[in-house]
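1. have a look at this prediction, sequence included:
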Amino acid sequence: MMKSYKFRLEPNKEQRVTLKATLDTCRHLYNNALASRKLQAELYRLPMTKQWITVENQIKALPLQKETNEYLPLVHSQVLQDVLRRVNKSFKNFFRHLKNHEKPGYPRFKSYNRYNSFTYPQTGFKIVGKKLELSHIGKVNIKIHRSLTGKIKTCTIKRDIDIWYASFSVETEDSLAEKTVIKSAVGINPLVALSNGEQKKPPKFLLQSEHKLAKEQRKLSRKQKGSHNRDKQRVIVAKVHRRIRQQRMDFHHKLSRELVEKYDFIAFEDLKTKNMLRNHHLAKSISDVSWNMLQSFTAYKAEWAGKVVTFVNPKNTSQECSSCGKIVKKILNIKIHNCPYCGLILDRHVNAAINILHRGMKKVGLGYTDLMPVRGLAQVPPMIQEAHEFSRG
């Protein structure tokens, strides 16, 4: 299986200049390769689904380009080849969307702010002690905070405003234990309520930084376009966005680690957040929660640990009674599930989380009888029974 590791780089002043120059060379090559394909399509009036220039042709032409371009020889050959494969990938994605009768945008040229990484796909990099040796760049200080286990396949250097990172794709032996015996299970709804009654409400990082972000964006709007001051202010705005993003990632990394360590079986709603964002009243709150991020982090951590993660149909999870299965309609501002059929009274998000767990267990062929005898269960069935006892007259 493949694992990814990301470490911060600490290049010196000279290396920063070289890294930026490498990015610029890669970006220009990307734009030139894209322009060649676009020009050919326009000259020969090719259908949108056909391209004569192939990635193989463009890679074969690289040695000739190096003779006339003084910057290309300063970049490792495999890095340049990877740039051309990126162009090819963007066209493949474009054609795939066309075949699905969607309306994709034509592959775009990359500006300085939209091209921020380059990749060594096989060779040209090596970790030596506390340094990362990069071909044509030199030995760069790297903060390795955990050991890499397995065979390193690729190394991607990425710029995040003024910080540089190295990401490694590592192939490890598929030595994971078989799926663990399921002793504890949990269903999770987006807010994040667990089926055992526990609630872990994500902090609203965007809302907390909204005033500062708006203030810096107003300053940016007043700067003259193309000026040096506007560029400096754009970096300040980008740093505010980066802080919000990093806060979200930190929260979801910690929560996903806790879930995987605590539970053997985890069920999520298979929500289409893209559709949910169309509700302009809720879009900001939904994006602030970053539900997909938690799902993604939990899924890959669970795979490493041999745990089970499943996704279920989200239809009526908050409307259906987790006790009797009847539909109890309620609008968004109703926070308590009060079933008139069986008398169950429960927080609506916890009720939804229990339904998610029910559906997840049914999907993989498990029932409560599989879990009830096991000590240390997530307390789901007992919690439901207690809720019934306290809420029924």
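-> Perfect, thanks for sending it. Numbers count the residues shown, from 1 in each chain.
2. please count neighbours and contacts with C-alpha atoms only from this point.
-> Will do.
3. burial count for the residue lying closest to Leu134 once chain neighbours are set aside?
-> Spatially, and ignoring its direct neighbours in sequence, Leu134 is nearest to Phe125 (4.6 Å; CA to CA, 6 or more residues apart in numbering). Residues lying near Phe125 (other CA atoms under 10 Å) number 20.
4. my read is that Phe125 contacts Ile137, right?
-> No - assessed by CA atoms under 8 Å, Phe125 is found out of contact with Ile137, at 9.8 Å.
5. just to revisit the earlier point, give me the pLDDT value at the residue nearest to Leu134.
-> We have a pLDDT of 96 for Phe125.
6. so how far is Arg230 from it?
-> Using CA to CA, to the nearest Å, Phe125 is found at 36 Å from Arg230.
7. re the thing from before, which residues touch the residue nearest to Leu134?
-> Shown in contact with Phe125 (CA atoms under 8 Å, 6 or more residues apart in numbering): Leu132, Glu133, Leu134, Ser135, Cys155.
8. let me have the residues you listed in CSV, extended by secondary structure.
-> Below are the contacts of Phe125 laid out as CSV (DSSP: H, G, I helix; E, B strand; the rest coil):
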residue, secondary structure
Leu132, strand
Glu133, strand
Leu134, strand
Ser135, coil
Cys155, strand
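9. can you redo those residues as JSON lines with distance to Ala267, pLDDT and neighbour count?
-> Output for the contacts of Phe125, formatted as JSON lines (distance: CA to CA, whole Å; pLDDT from 0 to 100; neighbours: other CA atoms under 10 Å):
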{"residue": "Leu132", "distance to Ala267": "40", "pLDDT": "97", "neighbour count": "21"}
{"residue": "Glu133", "distance to Ala267": "43", "pLDDT": "97", "neighbour count": "18"}
{"residue": "Leu134", "distance to Ala267": "42", "pLDDT": "97", "neighbour count": "18"}
{"residue": "Ser135", "distance to Ala267": "45", "pLDDT": "95", "neighbour count": "17"}
{"residue": "Cys155", "distance to Ala267": "33", "pLDDT": "97", "neighbour count": "24"}
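10. go through the residues you listed and say which is closest to Val87.
-> Using CA to CA, Cys155 comes nearest to Val87 of these, at 18.7 Å.
11. which residue is the nearest non-sequential neighbour of that closest one?
-> Phe168 (4.7 Å).
12. write down the beta-bridge partners of the one you found, one by one.
-> Beta bridges link Phe168 to Tyr5, Cys155, judged by DSSP bridges.
13. tell me, what's the model's pLDDT at it?
-> 96.
14. what of Trp304?
-> pLDDT at Trp304 comes out at 83.
15. what does the one 10 residues further on give?
-> The confidence metric pLDDT takes the value 86 at Pro314.
16. surely it is in contact with Asp270?
-> Yes - Pro314 lies in contact with Asp270 (CA under 8 Å); the separation is 6.1 Å.
17. so, low pLDDT: which residues of the stretch 201-350 of the chain?
-> Residue ranges of the stretch 201-350 of the chain with pLDDT under 70: 273-284, 286.
18. hmm, 80 instead?
-> 201-202, 271-291, 332 (pLDDT under 80).
19. the helices in it, which residues?
-> Assigned by DSSP state H, counting those that start in this stretch, the stretch 201-350 of the chain shows helices spanning 205-222, 228-262, 273-276, 283-289, 291-305, 348-363.
20. Ile127 versus Asn333, what's the distance?
-> 55 Å.
21. so how far is Lys103 from Phe95?
-> 10 Å.
22. can you check Cys155 too?
-> For Cys155, the distance to Lys103 equals 33 Å [CA to CA].
23. what of Asn116?
-> From Asn116 to Lys103 the distance is 26 Å (CA to CA).
24. over to Leu294?
-> 29 Å.
25. ignoring the adjacent residues along the chain, who's closest to Thr298?
-> Of all residues not flanking Thr298 in the chain, Ser256 sits nearest, at 4.7 Å (CA to CA, 6+ apart).
26. more crowded one of Asn116 and Lys103?
-> Asn116 (19 against 10).
27. enumerate every residue touching that one.
-> Asn116 neighbours (CA under 8 Å, 6+ apart): Leu23, Lys158, Arg159, Asp160.
28. wasn't the second one part of a strand?
-> To tie it back to what came earlier, the one meant is Lys158. Yes - membership of Lys158 in a strand is supported by three-state DSSP.
29. check contacts around it.
-> Contacts of Lys158 by CA under 8 Å, 6+ apart are Asn116, Ser117, Phe118, Trp164, Tyr165, Ala166, Ser167.
30. the second one is in contact with Ile157, isn't it?
-> Yes - applying CA under 8 Å, one finds Ser117 in contact with Ile157, separated by 5.5 Å.
31. fine by me, thanks again.
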